[in-house]
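*Asks:* Curious how this folds, go ahead:
(2 chains)
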Amino acid sequence: RKEVEQDPGPFNVPEGATVAFNCTYSNSASQSFFWYRQDCRKEPKLLMSVYSSGNEDGRFTAQLNRASQYISLLIRDSKLSDSATYLCVVTKSYNTDKLIFGTGTRLQVFP
Amino acid sequence: NAGVTQTPKFRVLKTGQSMTLLCAQDMNHEYMYWYRQDPGMGLRLIHYSVGEGTTAKGEVPDGYNVSRLKKQNFLLGLESAAPSQTSVYFCASSYFAGGTSYNEQFFGPGTRLTVL
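*Replies:* Residues are numbered from 1 along each chain as shown, chains lettered A, B, ... in the order given. Got it, this is the predicted structure:
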């Protein structure tokens, strides 16, 4: 079983739609959780951290369910510029800088 | 402020050749990392460094060596390239990570390496 699992997609949605991605992780000792965004042929960039209480950044909302070991990302009012691959990332265990990356979920927003 | 830079951007090698990938950061970060990204797989950690003069193995270190002689630079070497090392290589850096706190990893633009 992969340490971080994501649906690879692609998710094809029209502009203005709401789309949600989920991710599951296998190590219950993982302490920190993130969503990174990677544009085609570019480097990953941090989109947002994910906190236990859930957090929102504009049109983006992230949720964490530690009991079920899954993380979600909700994008509201999708824009063409949201088209990218979204990587679910967790720390390998407690008190470590090592990150485990999911393979990513591809989002394509069309006009 | 260039952030994290990588050279070269592209390279084609023949099996058995050697090369060095250079990563440089101007953010005074302590931690630096080398990853590889392959289709259908997440980024995988090759080697990392928690400070000048120190290096450690990551998840997939075989066939690679690294050096961190200066805080701002992290070099990745392939002594005898193999087709299995065809990949996109990303360097990243961060301030510090410890406890439950975490600092963002900043990535370079990547090096696309093909080994024939």
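*Asks:* Could you check how far the residue nearest in space to the middle of chain B is from residue B:7?
*Replies:* Central residue of chain B (C-alpha atoms, centre = their mean): residue B:34, 2.3 Å from the mean position. With distances taken as C-beta to C-beta, to the nearest Å, residue B:34 is found 14 Å from residue B:7. Just so you know, the C-beta spots here come from the backbone N, C-alpha and C atoms, and that holds for glycine as well.
*Asks:* intersection of neighbour lists for those two?
*Replies:* Residues touching both residue B:34 and residue B:7 (C-beta atoms under 8 Å, 6 or more residues apart in numbering or on different chains) are residue B:21.
*Asks:* any weak-confidence spans in chain B?
*Replies:* Applying pLDDT under 70 to chain B flags the ranges B:96-103.
*Asks:* quick one: low-confidence parts of chain A?
*Replies:* For chain A, the ranges with pLDDT under 70 are A:94-95.
*Asks:* Any chance you could note which residues of it sit beside chain B?
*Replies:* Contacts of chain A with chain B, taken as C-beta under 8 Å from any C-beta of the partner chain, map to A:2, A:4, A:8, A:31-32, A:41-46, A:49, A:87, A:91, A:94-104.
*Asks:* and these, which of them are in strands?
*Replies:* With strands defined by DSSP state E, the entries of the residues of chain A next to chain B inside them are A:4, A:44, A:45, A:46, A:49, A:87, A:91, A:99, A:100, A:101.
*Asks:* List the buried residues for stretch A:48-68?
*Replies:* Of all the residues in stretch A:48-68, those buried under the rule 16 or more other C-beta atoms under 10 Å in any protein chain shown are A:48, A:49, A:50, A:60, A:61, A:62, A:63, A:64.
*Asks:* what's in contact with it?
*Replies:* Taking C-beta under 8 Å, 6+ apart as the rule, stretch A:48-68 contacts A:24, A:28, A:32-35, A:47, A:70-77, A:79, B:102.
*Asks:* got it, and stretch B:44-57?
*Replies:* A:97-99, A:101, B:30-38, B:58-61, B:64-71, B:74, B:76, B:89.
*Asks:* Kindly confirm whether my reading is correct that residue B:77 touches residue B:63.
*Replies:* No - using C-beta atoms under 8 Å, residue B:77 is not in contact with residue B:63, being 9.8 Å away.
*Asks:* ranges for the strands of chain B?
*Replies:* Under DSSP E, chain B gives strands at B:4-7, B:10-13, B:19-25, B:31-37, B:44-51, B:54-57, B:64-67, B:73-78, B:87-94, B:106-107, B:111-115.
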